[in-house]
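K.L.:
return atomic coordinates for the entry below.
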Amino acid sequence: MSNSFLMRWCVCMVLAVWASFSAAQSYVALAQSDAKVIEFDSENCVGYWTPDYKCQPIKVRGYLFVPSGEWSALVMASHGAQGVDRRGFEYADALTKNGIAALVIDHWTPRGVNMRSMTYSQATAKGGTTSSIATDVIWAAQYLKAHYPQVKKMGLIGESMGAMAAIQLSKQRMTDLFVAKFSPKPFTFPLAAMVGLYPACAERVKGERFASIPFLILSGELDDHTLAKDCVDYERWVNANGGQLKTEIVPGAHHDFDAPHALEFRARGQNVSKCLNMVDDKTITIVATGRVLPNTLEGQIQLPRECSSWGLHSGHGSNKFVAVPQWLGFLKQQLE
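P.N.:
Residues are numbered from 1 along each chain as shown. Here you go, the predicted structure:
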């Protein structure tokens, strides 16, 4: 190998590393103090699509970040089980630097949900569900349309449970339920695009239909909690039933691949990798075991007790911003 070739190779490697470093450093989290705090009406509901369905009014808080200059697009950011953390503000930073406003929503505080001390079953009983997150997003959109008339298009980015809320919002039954319960006037679905980061693509509802809204799911190749395979399979299910979903795999990534913490094994992390389930009007069937639960609030609470285990890998690798170009490029294209 010639010295000149080695020299060119070394220079290219240095440039590549520097480019990667620069890209990572370009997204530095905004803080809550940088935001305008807004509060909007929503509902805390339990027992979605069961005879036990009931709701009570709540107020939900969000942190609004706007870009400098004029703007007309806005993306809401929904957190995962852990609640609002640094990554939500990193999403806002990336978005505002690209001319898109961002609203980081705190779904858990008004529901009294703290997943550091709760299981999924305990959270479900308090309304800490993906469907409740989805309900907040619809209510937030109504608030934003009323108070920020410059907004022409809205999107959503959700991570983990927030990504599963995006899945709920892609389902026609979510809109139908909102209209039946809360919106007597003509209603237009408010989102032009959605992104879901490492969701559990674990629910298949008999006869369900999906809205034809551009939807991108990014799953970690090595995720042992919310399996990439389930989301690849889910793409076919959604698109065969009216949806417009694209699932992409992030190579070498685990669950929470953009989390504030580095990759680690969490022995007490509740693992839902075996929770794929089929749902009809009366039953919830766990695919891995064939266990049948009633499609009631109690059945929904019992589901994670039956199918989950303990222990999972979670956290970012060498570049926690590895997926930013994918999701940011998708949202920019759909909201322009």
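K.L.:
isn't D106 up against F89?
P.N.:
No - counting by C-beta atoms under 8 Å, D106 does not reach F89; the two are 11.9 Å apart. Every residue, glycine included, has its C-beta placed from N, CA and C.
K.L.:
okay, and the common contacts of the two?
P.N.:
Y63 (C-beta atoms under 8 Å, 6 or more residues apart in numbering).
K.L.:
can you list the low-confidence ranges for the protein?
P.N.:
Residues of the chain that meet the criterion pLDDT under 70 lie in 1-29, 184-185.
K.L.:
for I100, see how far away E70 is.
P.N.:
Computed as C-beta to C-beta, to the nearest Å, the E70 to I100 distance reads 12 Å.
K.L.:
for D106 and F89, indicate the residue with more neighbours.
P.N.:
The neighbour comparison of D106 against F89 (other C-beta atoms under 10 Å) goes to F89, with 23 against 19.
K.L.:
please identify the helix or strand for the more buried one.
P.N.:
helix 86-96 (DSSP states H and E).
K.L.:
and the helices in the chain, which stretches?
P.N.:
3-25, 86-96, 120-125, 130-147, 161-170, 172-182, 228-239, 297-307, 324-335 (DSSP state H).
K.L.:
output the contacting helices and strands for the fifth one.
P.N.:
Counting by 3 or more C-beta pairs under 8 Å, 6 or more residues apart in numbering; DSSP states H and E, the packing neighbours recorded for helix 161-170 are strand 73-78, helix 130-147, strand 153-159, strand 191-197, strand 214-220.
K.L.:
for T175, which of the ones you listed is the nearest?
P.N.:
Between T175 and the helices and strands packed on helix 161-170, the tightest spacing by C-beta to C-beta is seen for helix 130-147, at 8.0 Å.
K.L.:
tell me what angle that closest one forms with helix 172-182.
P.N.:
60 degrees (axes from the mean of the first three to the mean of the last three C-alpha atoms, to 10 degrees).
K.L.:
quick one: buried residues of helix 130-147?
P.N.:
For helix 130-147, a neighbour-count test (16 or more other C-beta atoms under 10 Å) marks 130-144 as buried.
K.L.:
same thing with stretch 159-179?
P.N.:
159-175, 177-178.
K.L.:
got it, and stretch 215-225?
P.N.:
Quick answer for stretch 215-225 (16+ other C-beta under 10 Å): F215, L216, I217, L218, S219, G220, L222, D223, D224, H225.
K.L.:
same question, stretch 225-235
P.N.:
Counting neighbours by 16+ other C-beta under 10 Å, stretch 225-235 gives H225, T226, L227, A228, D230, C231, Y234, E235 as buried.
K.L.:
make a markdown table out of the residues you listed and add distance to A202.
P.N.:
Below are the buried residues of stretch 225-235 laid out as a markdown table (distance: C-beta to C-beta, whole Å):
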| residue | distance to A202 |
| --- | --- |
| H225 | 11 |
| T226 | 8 |
| L227 | 8 |
| A228 | 12 |
| D230 | 6 |
| C231 | 9 |
| Y234 | 9 |
| E235 | 14 |
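K.L.:
need the helices and strands packed on helix 161-170 in TSV (columns: distance to Q333).
P.N.:
Below are these laid out as TSV (distance: least, C-beta to C-beta, whole Å):
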stretch	distance to Q333
strand 73-78	11
helix 130-147	20
strand 153-159	11
strand 191-197	8
strand 214-220	9
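K.L.:
out of these, which is closest to V272?
P.N.:
helix 130-147 (11.6 Å).
K.L.:
quick one, that closest one and helix 297-307 angle?
P.N.:
120 degrees.
K.L.:
who's in contact with helix 130-147?
P.N.:
In contact with helix 130-147 (C-beta under 8 Å, 6+ apart) are residues 38, 40-45, 48, 60, 62, 74, 76, 78, 103, 105, 107, 111, 151, 154, 156, 158, 161-162, 164-169, 174, 178, 190-191.
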